[in-house]
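Q: Just a sequence and a predicted model for now, questions to come.
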There are 2 protein chains.
Amino acid sequence: MTQANADLAQLIRTIPDFPKPGIQFRDITTLLLDAKGFHASIERLAASAPDDFDLIAGIEARGFIFSSAMATQTAKGLVLIRKDGKLPGATIGVDYALEYGTDRVVMHEDACVPGQKVLLVDDLIATGGTALAAVRLLRQAGAEVVGASFVIDLPDLGGADKLRAAGVPVTTLVAFEGD
Amino acid sequence: MTQANADLAQLIRTIPDFPKPGIQFRDITTLLLDAKGFHASIERLAASAPDDFDLIAGIEARGFIFSSAMATQTAKGLVLIRKDGKLPGATIGVDYALEYGTDRVVMHEDACVPGQKVLLVDDLIATGGTALAAVRLLRQAGAEVVGASFVIDLPDLGGADKLRAAGVPVTTLVAFEGD
(Lines give C-alpha, C1' and ligand atoms only; values in the text may rest on other atoms or scores of the structure.)
Protein backbone atom coordinates (compact mmCIF):
# COMPACT_ATOMS: atom_id res chain seq x y z
CA MET A 1 0.00 0.00 0.00
CA THR A 2 1.04 3.62 -0.37
CA GLN A 3 2.08 5.00 2.98
CA ALA A 4 -0.07 7.95 4.07
CA ASN A 5 1.92 10.79 5.62
CA ALA A 6 5.13 9.29 4.25
CA ASP A 7 7.08 12.30 5.54
CA LEU A 8 6.09 11.34 9.10
CA ALA A 9 6.55 7.60 8.56
CA GLN A 10 10.18 8.10 7.59
CA LEU A 11 10.81 9.95 10.88
CA ILE A 12 9.68 6.89 12.87
CA ARG A 13 12.58 4.55 13.55
CA THR A 14 12.14 0.77 13.68
CA ILE A 15 14.08 -1.05 16.41
CA PRO A 16 14.13 -4.84 15.94
CA ASP A 17 13.59 -7.21 18.88
CA PHE A 18 12.35 -4.66 21.43
CA PRO A 19 11.03 -5.20 24.03
CA LYS A 20 11.43 -8.88 23.12
CA PRO A 21 12.69 -10.99 20.20
CA GLY A 22 10.52 -10.83 17.10
CA ILE A 23 8.90 -7.47 17.84
CA GLN A 24 9.60 -4.59 15.46
CA PHE A 25 9.31 -1.61 17.79
CA ARG A 26 8.12 1.60 16.10
CA ASP A 27 10.06 4.31 17.88
CA ILE A 28 8.44 7.76 17.91
CA THR A 29 11.35 9.44 19.73
CA THR A 30 12.97 10.26 16.39
CA LEU A 31 9.73 11.91 15.25
CA LEU A 32 9.57 13.94 18.49
CA LEU A 33 13.12 15.24 18.02
CA ASP A 34 12.15 16.66 14.63
CA ALA A 35 10.23 19.82 15.48
CA LYS A 36 8.57 20.09 12.05
CA GLY A 37 7.59 16.43 11.95
CA PHE A 38 6.33 16.38 15.53
CA HIS A 39 4.19 19.45 15.07
CA ALA A 40 2.92 18.29 11.67
CA SER A 41 1.74 15.07 13.34
CA ILE A 42 -0.20 17.08 15.93
CA GLU A 43 -1.67 19.43 13.33
CA ARG A 44 -2.84 16.55 11.15
CA LEU A 45 -4.38 14.67 14.09
CA ALA A 46 -6.11 17.87 15.18
CA ALA A 47 -7.36 18.56 11.64
CA SER A 48 -9.01 15.13 11.50
CA ALA A 49 -10.50 15.29 15.01
CA PRO A 50 -14.28 15.47 15.46
CA ASP A 51 -15.69 19.01 15.16
CA ASP A 52 -17.21 18.98 18.61
CA PHE A 53 -15.55 17.65 21.73
CA ASP A 54 -14.87 18.89 25.26
CA LEU A 55 -11.82 17.09 26.52
CA ILE A 56 -8.77 15.09 25.42
CA ALA A 57 -7.93 11.83 27.22
CA GLY A 58 -4.32 10.62 27.21
CA ILE A 59 -2.98 7.19 28.11
CA GLU A 60 0.26 6.82 30.15
CA ALA A 61 3.09 7.31 29.27
CA ARG A 62 3.84 8.00 25.57
CA GLY A 63 0.18 8.88 25.12
CA PHE A 64 0.70 11.83 27.45
CA ILE A 65 3.02 13.36 24.85
CA PHE A 66 0.58 13.39 21.97
CA SER A 67 -2.53 14.03 24.08
CA SER A 68 -0.99 17.04 25.77
CA ALA A 69 0.20 18.51 22.50
CA MET A 70 -3.28 17.87 21.04
CA ALA A 71 -4.87 19.61 24.03
CA THR A 72 -2.60 22.60 23.47
CA GLN A 73 -3.33 22.60 19.73
CA THR A 74 -7.12 22.39 20.18
CA ALA A 75 -7.39 24.48 23.39
CA LYS A 76 -8.99 21.68 25.42
CA GLY A 77 -8.43 20.26 28.87
CA LEU A 78 -6.70 16.93 29.42
CA VAL A 79 -7.77 13.90 31.47
CA LEU A 80 -5.10 11.35 32.42
CA ILE A 81 -5.62 7.59 32.11
CA ARG A 82 -2.91 5.89 34.14
CA LYS A 83 -1.67 2.59 35.46
CA ASP A 84 -3.04 1.76 38.89
CA GLY A 85 -1.44 3.46 41.91
CA LYS A 86 -0.21 6.64 40.20
CA LEU A 87 -3.21 8.95 40.61
CA PRO A 88 -3.57 10.53 44.06
CA GLY A 89 -7.36 10.95 44.22
CA ALA A 90 -10.21 8.44 44.29
CA THR A 91 -10.21 6.43 41.07
CA ILE A 92 -12.34 4.13 38.95
CA GLY A 93 -10.65 1.38 36.93
CA VAL A 94 -11.04 -1.23 34.24
CA ASP A 95 -9.10 -4.51 34.04
CA TYR A 96 -8.14 -5.93 30.68
CA ALA A 97 -6.44 -9.07 29.43
CA LEU A 98 -2.84 -9.18 28.26
CA GLU A 99 -1.13 -12.04 26.44
CA TYR A 100 -0.17 -13.31 29.90
CA GLY A 101 -2.18 -12.03 32.86
CA THR A 102 -4.15 -8.81 33.17
CA ASP A 103 -3.50 -5.09 33.46
CA ARG A 104 -5.59 -2.20 34.73
CA VAL A 105 -6.17 1.41 33.70
CA VAL A 106 -7.63 3.99 36.08
CA MET A 107 -8.78 7.61 36.07
CA HIS A 108 -9.96 10.00 38.76
CA GLU A 109 -13.63 9.30 39.42
CA ASP A 110 -14.48 13.01 39.23
CA ALA A 111 -12.42 13.78 36.11
CA CYS A 112 -15.32 13.76 33.64
CA VAL A 113 -18.69 15.44 33.85
CA PRO A 114 -21.31 12.94 32.56
CA GLY A 115 -22.16 13.74 28.96
CA GLN A 116 -18.80 15.30 28.16
CA LYS A 117 -17.47 14.49 24.72
CA VAL A 118 -13.98 13.03 24.95
CA LEU A 119 -11.36 12.39 22.28
CA LEU A 120 -8.91 9.60 23.18
CA VAL A 121 -5.30 10.10 22.04
CA ASP A 122 -2.36 7.68 22.13
CA ASP A 123 0.82 7.19 20.16
CA LEU A 124 0.04 3.77 18.68
CA ILE A 125 -2.83 1.30 18.26
CA ALA A 126 -1.86 -2.37 18.07
CA THR A 127 -4.23 -5.04 19.44
CA GLY A 128 -6.31 -2.27 21.01
CA GLY A 129 -6.44 -3.83 24.47
CA THR A 130 -5.45 -0.69 26.34
CA ALA A 131 -7.47 1.63 24.10
CA LEU A 132 -10.64 -0.48 24.46
CA ALA A 133 -10.17 -0.53 28.25
CA ALA A 134 -9.76 3.26 28.17
CA VAL A 135 -13.01 3.59 26.19
CA ARG A 136 -14.85 1.41 28.71
CA LEU A 137 -13.37 3.47 31.54
CA LEU A 138 -14.40 6.81 30.01
CA ARG A 139 -17.91 5.47 29.35
CA GLN A 140 -18.09 4.22 32.95
CA ALA A 141 -17.34 7.82 33.99
CA GLY A 142 -20.31 8.98 31.90
CA ALA A 143 -18.27 10.41 29.02
CA GLU A 144 -19.17 10.06 25.36
CA VAL A 145 -16.09 8.86 23.44
CA VAL A 146 -16.44 10.78 20.17
CA GLY A 147 -13.20 9.60 18.62
CA ALA A 148 -9.76 8.09 19.05
CA SER A 149 -6.60 9.40 17.39
CA PHE A 150 -3.26 7.62 17.03
CA VAL A 151 -0.07 8.51 15.23
CA ILE A 152 0.68 4.89 14.34
CA ASP A 153 -1.60 2.02 13.33
CA LEU A 154 -0.51 -1.62 13.19
CA PRO A 155 -3.51 -2.77 11.16
CA ASP A 156 -2.49 -6.44 11.10
CA LEU A 157 -3.22 -6.52 14.85
CA GLY A 158 -6.77 -5.28 14.39
CA GLY A 159 -7.07 -2.76 17.23
CA ALA A 160 -8.46 0.09 15.13
CA ASP A 161 -11.17 -2.20 13.73
CA LYS A 162 -12.10 -3.31 17.25
CA LEU A 163 -12.46 0.30 18.35
CA ARG A 164 -14.65 1.08 15.33
CA ALA A 165 -16.78 -1.99 16.13
CA ALA A 166 -17.18 -0.53 19.63
CA GLY A 167 -18.63 2.62 18.08
CA VAL A 168 -15.54 4.83 18.23
CA PRO A 169 -14.43 6.68 15.07
CA VAL A 170 -10.67 6.17 14.65
CA THR A 171 -8.04 8.37 13.01
CA THR A 172 -4.47 7.20 12.41
CA LEU A 173 -1.64 8.89 10.50
CA VAL A 174 0.80 6.16 9.49
CA ALA A 175 0.49 2.39 9.22
CA PHE A 176 3.15 -0.29 9.50
CA GLU A 177 2.73 -3.91 8.48
CA GLY A 178 3.38 -6.68 11.00
CA ASP A 179 3.56 -6.40 14.74
CA MET B 1 4.18 35.08 51.01
CA THR B 2 1.93 36.21 48.21
CA GLN B 3 1.30 33.36 45.84
CA ALA B 4 2.45 34.09 42.28
CA ASN B 5 0.02 32.93 39.63
CA ALA B 6 -2.68 32.51 42.27
CA ASP B 7 -5.21 31.64 39.55
CA LEU B 8 -3.14 28.57 38.68
CA ALA B 9 -2.34 27.68 42.30
CA GLN B 10 -6.04 27.40 43.12
CA LEU B 11 -6.49 24.89 40.28
CA ILE B 12 -3.91 22.56 41.87
CA ARG B 13 -5.53 20.18 44.34
CA THR B 14 -3.77 19.02 47.49
CA ILE B 15 -4.23 15.36 48.43
CA PRO B 16 -3.03 14.54 51.96
CA ASP B 17 -1.00 11.41 52.70
CA PHE B 18 -0.19 10.43 49.10
CA PRO B 19 1.81 8.43 48.19
CA LYS B 20 2.57 7.91 51.89
CA PRO B 21 1.48 9.36 55.26
CA GLY B 22 2.65 12.90 55.91
CA ILE B 23 3.09 13.90 52.25
CA GLN B 24 0.86 16.66 50.88
CA PHE B 25 0.61 15.66 47.22
CA ARG B 26 0.16 18.60 44.82
CA ASP B 27 -2.14 17.20 42.15
CA ILE B 28 -1.90 18.85 38.72
CA THR B 29 -4.70 16.75 37.19
CA THR B 30 -7.25 19.38 38.23
CA LEU B 31 -5.17 22.05 36.49
CA LEU B 32 -4.98 19.92 33.32
CA LEU B 33 -8.76 19.47 33.22
CA ASP B 34 -9.19 23.26 33.15
CA ALA B 35 -8.38 24.21 29.56
CA LYS B 36 -7.78 27.89 30.36
CA GLY B 37 -5.63 27.15 33.38
CA PHE B 38 -3.62 24.45 31.65
CA HIS B 39 -2.89 26.59 28.63
CA ALA B 40 -2.12 29.65 30.76
CA SER B 41 0.48 27.58 32.61
CA ILE B 42 2.12 26.63 29.31
CA GLU B 43 2.01 30.20 27.96
CA ARG B 44 3.59 31.58 31.12
CA LEU B 45 6.33 28.95 31.19
CA ALA B 46 7.02 29.63 27.51
CA ALA B 47 7.07 33.40 28.09
CA SER B 48 9.74 33.01 30.78
CA ALA B 49 11.86 30.52 28.83
CA PRO B 50 15.32 31.51 27.57
CA ASP B 51 15.26 33.40 24.27
CA ASP B 52 17.46 30.91 22.51
CA PHE B 53 17.18 27.15 22.78
CA ASP B 54 16.97 24.21 20.39
CA LEU B 55 15.15 21.44 22.17
CA ILE B 56 12.84 20.69 25.11
CA ALA B 57 13.66 17.77 27.42
CA GLY B 58 10.82 16.11 29.34
CA ILE B 59 11.03 13.74 32.30
CA GLU B 60 8.72 10.70 32.53
CA ALA B 61 5.79 10.62 33.16
CA ARG B 62 4.00 13.82 34.26
CA GLY B 63 6.87 15.80 32.82
CA PHE B 64 5.90 14.51 29.36
CA ILE B 65 2.66 16.46 29.65
CA PHE B 66 4.17 19.88 30.23
CA SER B 67 7.25 19.32 28.07
CA SER B 68 5.19 18.23 25.09
CA ALA B 69 2.82 21.17 25.43
CA MET B 70 5.84 23.49 25.76
CA ALA B 71 7.38 21.96 22.63
CA THR B 72 4.14 22.60 20.77
CA GLN B 73 3.90 26.13 22.14
CA THR B 74 7.51 27.02 21.25
CA ALA B 75 7.77 24.98 18.02
CA LYS B 76 10.69 22.88 19.25
CA GLY B 77 11.50 19.18 19.21
CA LEU B 78 11.25 17.03 22.32
CA VAL B 79 13.78 14.64 23.88
CA LEU B 80 12.51 12.04 26.36
CA ILE B 81 14.22 11.31 29.67
CA ARG B 82 12.85 8.01 30.97
CA LYS B 83 13.23 5.37 33.61
CA ASP B 84 15.56 2.57 32.59
CA GLY B 85 14.23 -0.10 30.23
CA LYS B 86 11.59 1.98 28.43
CA LEU B 87 13.58 3.42 25.53
CA PRO B 88 14.16 1.02 22.62
CA GLY B 89 17.47 2.36 21.29
CA ALA B 90 20.98 2.50 22.79
CA THR B 91 20.91 4.71 25.89
CA ILE B 92 23.17 6.58 28.29
CA GLY B 93 22.13 6.87 31.94
CA VAL B 94 22.76 8.55 35.27
CA ASP B 95 22.12 6.98 38.69
CA TYR B 96 20.97 9.15 41.57
CA ALA B 97 20.26 8.64 45.25
CA LEU B 98 16.76 8.36 46.67
CA GLU B 99 15.80 8.43 50.35
CA TYR B 100 16.22 4.66 50.27
CA GLY B 101 18.28 3.20 47.44
CA THR B 102 18.97 4.63 44.00
CA ASP B 103 17.13 5.34 40.77
CA ARG B 104 18.30 5.88 37.20
CA VAL B 105 17.29 8.13 34.31
CA VAL B 106 18.26 7.39 30.72
CA MET B 107 18.02 8.95 27.27
CA HIS B 108 18.87 7.77 23.77
CA GLU B 109 22.60 8.28 23.26
CA ASP B 110 22.00 9.92 19.87
CA ALA B 111 19.12 12.18 20.97
CA CYS B 112 21.17 15.37 21.32
CA VAL B 113 23.68 16.91 18.96
CA PRO B 114 26.62 18.17 21.07
CA GLY B 115 26.26 21.90 21.67
CA GLN B 116 22.48 21.90 21.41
CA LYS B 117 20.75 24.20 23.88
CA VAL B 118 18.17 22.30 25.87
CA LEU B 119 15.38 23.51 28.17
CA LEU B 120 14.39 20.96 30.82
CA VAL B 121 10.67 20.84 31.71
CA ASP B 122 8.88 18.95 34.49
CA ASP B 123 5.71 19.40 36.50
CA LEU B 124 7.29 19.87 39.92
CA ILE B 125 10.67 20.48 41.59
CA ALA B 126 11.04 19.13 45.13
CA THR B 127 14.46 17.92 46.33
CA GLY B 128 15.72 18.16 42.77
CA GLY B 129 17.22 14.67 42.67
CA THR B 130 15.65 13.68 39.37
CA ALA B 131 16.13 17.11 37.79
CA LEU B 132 19.84 17.23 38.73
CA ALA B 133 20.32 13.73 37.34
CA ALA B 134 18.59 14.86 34.13
CA VAL B 135 20.93 17.86 33.89
CA ARG B 136 23.98 15.60 34.33
CA LEU B 137 22.57 13.26 31.71
CA LEU B 138 21.97 16.02 29.16
CA ARG B 139 25.46 17.42 29.77
CA GLN B 140 26.91 13.91 29.34
CA ALA B 141 25.20 13.88 25.93
CA GLY B 142 26.97 17.14 25.08
CA ALA B 143 23.95 19.40 25.49
CA GLU B 144 24.02 22.82 27.11
CA VAL B 145 21.20 23.04 29.67
CA VAL B 146 20.07 26.66 29.26
CA GLY B 147 17.17 26.50 31.71
CA ALA B 148 14.71 24.41 33.67
CA SER B 149 10.99 25.17 33.95
CA PHE B 150 8.53 23.74 36.45
CA VAL B 151 4.90 24.48 37.15
CA ILE B 152 5.28 23.83 40.90
CA ASP B 153 8.14 24.60 43.30
CA LEU B 154 8.39 23.17 46.82
CA PRO B 155 11.05 25.67 47.95
CA ASP B 156 11.41 24.17 51.44
CA LEU B 157 12.98 21.11 49.78
CA GLY B 158 15.65 23.19 48.03
CA GLY B 159 15.70 21.59 44.58
CA ALA B 160 15.45 24.84 42.62
CA ASP B 161 18.38 26.30 44.58
CA LYS B 162 20.44 23.18 43.88
CA LEU B 163 19.75 23.50 40.15
CA ARG B 164 20.75 27.18 40.20
CA ALA B 165 23.94 26.24 42.07
CA ALA B 166 24.63 23.78 39.25
CA GLY B 167 24.44 26.67 36.78
CA VAL B 168 20.91 26.13 35.50
CA PRO B 169 18.50 29.11 35.44
CA VAL B 170 15.17 27.99 36.95
CA THR B 171 11.62 29.20 36.32
CA THR B 172 8.67 28.09 38.44
CA LEU B 173 5.07 29.30 38.42
CA VAL B 174 3.59 28.46 41.82
CA ALA B 175 5.13 27.60 45.17
CA PHE B 176 3.74 25.54 48.04
CA GLU B 177 5.16 25.42 51.53
CA GLY B 178 6.15 22.09 53.11
CA ASP B 179 6.78 18.83 51.32
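A: Nice, I can see it.
Q: residues contacting the residue nearest in space to the middle of chain A?
A: The residue lying closest to the centre of chain A (C-alpha atoms, centre = their mean) is A:D122, at 1.8 Å. Taking C-beta atoms under 8 Å, 6 or more residues apart in numbering or on different chains, we find A:D122 in contact with A:G58, A:I59, A:R62, A:G63, A:F66, A:S67, A:T130, A:A131, A:A134, A:A148, A:S149, A:F150. To be clear about C-beta, it is placed using only N, CA and C from the backbone, and glycine gets the same treatment.
Q: From B:V168, how far off is it?
A: Distance, A:D122 to B:V168, using C-beta to C-beta, to the nearest Å: 32 Å.
Q: same thing with A:A47?
A: From A:A47 across to B:V168, the span is 37 Å (C-beta to C-beta).
Q: same check, this time on A:G58
A: A:G58 is 28 Å from B:V168, by C-beta to C-beta.
Q: A:T130 too?
A: Taking C-beta to C-beta, one finds A:T130 at 36 Å from B:V168.
Q: Could you do A:I28 as well?
A: According to C-beta to C-beta, A:I28 and B:V168 sit 27 Å apart.
Q: Same question for A:A46.
A: Distance from A:A46 to B:V168, by C-beta to C-beta: 33 Å.
Q: again, but for A:L11
A: Distance, A:L11 to B:V168, using C-beta to C-beta: 30 Å.
Q: one step back: the more surrounded of A:G58 and B:V168?
A: A:G58 (30 against 22; other C-beta atoms under 10 Å in any protein chain shown).
Q: how about the helices in chain A?
A: Along chain A, the segments classed as helices by DSSP state H run A:6-9, A:29-33, A:35-47, A:62-74, A:129-140, A:159-165.
Q: Give me the residue ranges of chain A where confidence is low.
A: Chain A contains residues with pLDDT under 70 at A:1, A:179.
Q: Contact residues of chain A facing chain B?
A: A:13, A:15, A:18-19, A:25, A:27, A:29, A:32-35, A:38-39, A:42, A:55, A:58, A:60-62, A:64-66, A:68-69, A:71-73, A:75-80, A:82, A:86-89, A:108, A:111 (C-beta under 8 Å from any C-beta of the partner chain).
Q: Can I get the buried ones among these as something I can paste into PyMOL?
A: Restricted to buried positions by 16 or more other C-beta atoms under 10 Å in any protein chain shown, the PyMOL selection for the residues of chain A next to chain B reads:
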select buried, chain A and resi 15+25+27+29+32+33+34+35+38+39+42+55+58+60+61+62+64+65+66+68+69+71+72+73+76+77+78+79+80+82+87+88+89+108+111
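Q: Return the residue of chain A that is most distant from the centre.
A: Residue farthest from the centre of chain A, counting by C-alpha atoms, centre = their mean, is A:P21 at 24.3 Å.
Q: For A:G77, give the beta-bridge partners.
A: Beta bridges link A:G77 to A:L55, judged by DSSP bridges.
Q: so who does it touch?
A: Each residue near A:G77 by C-beta under 8 Å, 6+ apart is listed here: A:D54, A:L55, A:I56, A:A71, B:L32, B:L33, B:D34, B:A35, B:F38.
Q: same check, this time on A:L32
A: Listed by C-beta under 8 Å, 6+ apart, the contact set of A:L32 reads A:F38, A:I65, B:A71, B:G77, B:L78, B:V79, B:L80.
Q: now those as TSV including distance to B:L163?
A: What follows is the contacts of A:L32, written out as TSV (distance: C-beta to C-beta, whole Å):
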residue	distance to B:L163
A:F38	26
A:I65	23
B:A71	20
B:G77	22
B:L78	20
B:V79	18
B:L80	20
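Q: I'd say A:P155 and A:A175 touch.
A: Yes: between A:P155 and A:A175 there is a contact at 5.4 Å, judged by C-beta atoms under 8 Å.
Q: how near is the spatially closest residue to A:G93 that is not a sequence neighbour to A:R139?
A: The shortest distance from A:G93 to any residue other than its chain neighbours is 3.9 Å, reached at A:V106 (C-beta to C-beta, 6 or more residues apart in numbering or on different chains). Distance from A:V106 to A:R139, counting by C-beta to C-beta: 14 Å.
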